[in-house]
Structure formats: C-alpha cells, structure tokens
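[1] could you look at this predicted model? Sequence included:
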Amino acid sequence: MNIYVGNLNYRVKEGDLQKVMEDYGAVSSIKFINDRATGRFRGIAFVEMEDGAAAAKAISELDGAEFFGRQMVVKEARPPKY
C-alpha cells in the first residue's frame, strides 16, 4: 500500500521517517518530495509498505500524531488528478 505522509517538519530525514513506519511493518520504499524550483524538501513523503494490514494500522495510529513538533497527516495515497 502506498501511504501519503504530509505536514512533516523540514528537518525530518528519510531515516527518521523509516524508523517510525517500520514500527508497523516492512517498508519497501520512501520517497521525499522536493520543490522543483528550489530543490528544497516540501514536507511531503510517500511510503510504500508491503503488508496492507500493517499499513492500515500505521495510518490509523499515526494520522494526527506529533513528529518533530508537527502533527503528521497520514492517509492512503491516491493517484494524481491531472
């Protein structure tokens, strides 16, 4: 399952987010989204988890949780609207 994680602090590193997500199950990949113009992290990431049940548990428990001083938005990722 692909998970959207938003409202992340700009100081969060990939390893920090991976540690939190791995508490719920195996993480296949993490992709941080950077601004095209500046190359700066936008506070958004996508996490791919193999087990759907573990991903659902991570979503329910982490949505609204404080991480690096900010409340995370965690939900199932949807395809982009073009």
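    Cool, got the structure.
[2] how about the strands in the chain?
    2-6, 27-34, 41-49, 66-67, 70-71, 73-76 (DSSP state E).
[3] would a markdown table of those strands with distance to Lys13, mean pLDDT and mean neighbour count be doable?
    Where you see a C-beta, it was placed from the backbone N, CA and C, and this is true even at glycine. Putting the strands of the chain into a markdown table (distance: least, Cβ to Cβ, whole Å; pLDDT from 0 to 100; neighbours: other Cβ atoms under 10 Å) gives the following:
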| stretch | distance to Lys13 | mean pLDDT | mean neighbour count |
| --- | --- | --- | --- |
| strand 2-6 | 13 | 97 | 19 |
| strand 27-34 | 9 | 96 | 14 |
| strand 41-49 | 9 | 96 | 18 |
| strand 66-67 | 12 | 97 | 13 |
| strand 70-71 | 14 | 97 | 14 |
| strand 73-76 | 18 | 97 | 16 |
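[4] any chance of these in CSV, plus distance to Asp16?
    Formatted as CSV, the strands of the chain follow (distance: least, Cβ to Cβ, whole Å):
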stretch, distance to Asp16
strand 2-6, 11
strand 27-34, 10
strand 41-49, 10
strand 66-67, 8
strand 70-71, 12
strand 73-76, 14
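[5] what number of residues lie near Asp23?
    11 (other Cβ atoms under 10 Å).
[6] before we move on, the earlier item: tell me which of the strands of the chain sits nearest to Ile59.
    Taking Cβ to Cβ, strand 73-76 is the member of these nearest to Ile59, at 5.2 Å.
[7] off-centre distance for that closest one?
    The chain centre lies 7 Å from the centre of strand 73-76; the measure is Cα atoms, centre = their mean, to the nearest Å.
[8] that one: partners in the sheet, and parallel or antiparallel?
    strand 2-6 (antiparallel) (DSSP bridges).
[9] got the contact list for the strand it pairs with?
    Outside strand 2-6, the residues that touch it by Cβ atoms under 8 Å, 6 or more residues apart in numbering are 17, 21, 43-49, 55, 58-59, 62, 72-78.
[10] ok, now with 7 Å
    17, 43-49, 55, 58-59, 72-77 (Cβ atoms under 7 Å, 6 or more residues apart in numbering).
[11] please name the nearest non-neighbouring residue to the residue nearest to the spatial centre of the chain.
    In the chain, the centroid-proximal residue (Cα atoms, centre = their mean) is Val5; its distance is 3.1 Å. Once flanking residues are discounted, Val5 sits nearest to Ala45: 4.7 Å by Cβ to Cβ, 6 or more residues apart in numbering.
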